[in-house]
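Visitor: when you get a sec, could you give me coordinates for this:
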Amino acid sequence: MIVNVPETITVRMVNASALEDYEMWVFIASLLSNAVVGFLIAYFQAIDANSPARAYVGWTTILFGILFVLAIMVAFRKRLSLREKGRDIELRTVSAQVRSS
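Guide: Numbers count the residues shown, from 1 in each chain. All right, here's what the predicted structure looks like:
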């Protein structure tokens, strides 16, 4: 059996608190996208039924849409911040030993 081991391994180090912020904003954006889709479906159904609540549902859809876009923008800014502030660390591999049991 032949196993190839690279001479160096590169590890990307990032700020843990910035990564946590990014993950939270992506989670918030995913929740808001579900709300947008749900209210959009309700809006189309209200139009078909000529419901008087269609204006309310439409404005609610627009509000959640705006919040979704803002959350996505913040998440992208956090992602760019992670890329800029991160650093690469190269680790050298020394040798690999095979042990049989």
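Visitor: got the contact list for the one residue sitting closest to the centre of the chain?
Guide: Residue closest to the average C-alpha location in the chain (Cα atoms, centre = their mean): residue 26, at 3.8 Å. By Cβ atoms under 8 Å, 6 or more residues apart in numbering, the contact list for residue 26 reads residue 75. Bear in mind the C-beta positions are built from the backbone N, C-alpha and C, glycine included.
Visitor: quick check, it in a helix?
Guide: Yes. With DSSP: H, G, I helix; E, B strand; the rest coil as the criterion, residue 26 is located in a helix.
Visitor: now do the SS call for residue 9.
Guide: strand.
Visitor: do residue 6 as well
Guide: coil.
Visitor: surely it and residue 93 touch.
Guide: Yes. When contacts are counted by Cβ atoms under 8 Å, residue 6 is listed as touching residue 93 (6.6 Å).
Visitor: mind listing what residue 63 touches?
Guide: So residue 63 contacts nothing (Cβ under 8 Å, 6+ apart).
Visitor: which element is it on?
Guide: Take DSSP states H and E as the rule and residue 63 turns out to sit in helix 54-85.
Visitor: quick one: mean pLDDT for the next helix or strand after that helix?
Guide: Moving toward the C-terminus from helix 54-85, the next helix or strand (DSSP H and E) is strand 87-92. The predicted model assigns strand 87-92 a mean pLDDT of 84.
Visitor: list the neighbouring strands of strand 87-92 plus their orientation.
Guide: strand 8-13 (antiparallel) (DSSP bridges).
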